[in-house]
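> Sequence plus the predicted model coming up.
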Amino acid sequence: MASSYKAKELLERIEYLRKYLIEVASLSGYTSEESVQVSQELDKLLNRYQKLIARKDVYHMRKNTKSDEHRGVC
């Protein structure tokens with residue numbers, strides 16, 4: 001439950017930064033210092049989200065594999 005809440009918070013922050021980056025880049029250019037900083041922060045959050053989702057997928061795969069083994073499914 002905590003990881004899904006964390007994922008939701010990350011997605012909200014990602015969406016906010018994505019919109020903010022579009023605004024900043026359109027006003028001051030894609031290579032402005034502020035645009036680059038916002039872009040880098042957005043990249044960090046996207047990477048964190050990807051890692052969180054990957055861990056969740058691995059957990060579910062392991063859980064399903066173990067339950068299949070107990071039922072005798074190969």
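Looks like it arrived, so ask away.
> can you pull the contacts of the spatially most central residue of the chain?
Closest residue to the average C-alpha location of the chain: Tyr49 at 1.9 Å, with C-alpha atoms, centre = their mean. Counting by C-beta atoms under 8 Å, 6 or more residues apart in numbering, Tyr49 makes contact with Ala7, Leu10, Leu11, Ile14. For glycine as for every other residue, the C-beta is placed from the backbone atoms N, C-alpha and C.
> Thr31 in helix, strand or coil?
Classification of Thr31 by DSSP: H, G, I helix; E, B strand; the rest coil places it in coil.
> residues near it, how many?
By other C-beta atoms under 10 Å, the residues close to Thr31 number 9.
> wait, which of the contacts of Tyr49 is closest to Glu41?
Within the contacts of Tyr49, proximity to Glu41 (C-beta to C-beta) peaks at Ile14, which comes in at 9.9 Å.
> hang on, the earlier thing: and the contacts of Tyr49, which is closest to Tyr20?
Ile14 (10.7 Å).
> Secondary structure element holding the closest one?
According to DSSP states H and E, Ile14 maps onto helix 2-28.
> For that helix, name the packing helices and strands.
With contacts defined as 3 or more C-beta pairs under 8 Å, 6 or more residues apart in numbering; DSSP states H and E, the packing partners of helix 2-28 are helix 33-71.
> where does this protein have low pLDDT?
Counting by pLDDT under 70, the chain contains low-confidence residues at 1-3, 57-74.
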